[in-house]
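[1] When you get a sec, could you give me coordinates for this:
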Amino acid sequence: MNDVPEIDPEICAMQAIGEALTKLEPESRTRVLRWAQDRYSPELVRSSAQKTTGTGQMGVSSMPPSVIATDKLEDFATLFDATQPHTDAERALIAAYWVQIALGVEEFDSQKINTELKNLGHPIANITGALANLSARRPSLVLQTRKIGHARQARKRFKLTNAGIRRVQDMISANQDVSLDAPSE
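    Alright, predicted model coming up:
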């Protein structure tokens, strides 16, 4: 009779994942976790994003909600078309979503998202004002995470909130039957 306990396969899997993730940079780690989540348990992110705190406010999940119809939102142009933003603030929100969620960038600056918009032919003249608008809303859709430099024009870094992510997903859902199910040409 063997008295050596059998090693739990879950513990082995967690150890292997932990070892693999510690070797990665934070942005790479986020992309790998998002891929694993989408591949092995997509319902987990949606259910954890819907949990509320004792105050009835949405709790912050460790990973953002996954993209609706991820396989059909293959590039920024497709996302932009699927959401049909009308204002500069909405356009900034969609670009921020693309950069943070699809590209896996944890923090972004205004130049990065305006570059994405410029490439589509929709630049925002006052991108800082659009981000300030999103930040001033309640609940806030974007948060300033830090400021690099001391001048008024110092680079500010931003991050979408869960409310911002949900707002984009609501925009996708509202237009999903029209934009995503249309026959391809």
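[2] can I assume residue 146 is in contact with residue 159?
    No: with contact defined as C-beta atoms under 8 Å, residue 146 does not reach residue 159; the gap is 9.6 Å. No exception for glycine: its C-beta is placed from N, CA and C like everyone else's.
[3] joint contacts of the two?
    Both residue 146 and residue 159 are contacted by residue 107, under the criterion C-beta atoms under 8 Å, 6 or more residues apart in numbering.
[4] if you count what's nearby, which of these two comes out ahead?
    residue 159 (17 against 11; other C-beta atoms under 10 Å).
[5] Would you list the phi and psi of the more buried one?
    Main-chain dihedrals, residue 159, degrees, to the nearest 10: phi -150, psi 140.
[6] From residue 80, how far out is residue 164?
    16 Å (C-beta to C-beta, to the nearest Å).
[7] which one of those two has more residues nearby?
    Using other C-beta under 10 Å as the criterion, residue 164 and residue 80 rank with residue 164 on top: 25 against 20.
[8] now the helices for this structure?
    Listed in chain order, the helices of the chain (DSSP state H) span 9-22, 26-40, 42-49, 76-83, 88-97, 110-120, 127-136, 162-179.
[9] looking at the chain, which helix or strand does the model trust least?
    helix 42-49 (a mean of 47; mean pLDDT, DSSP states H and E).
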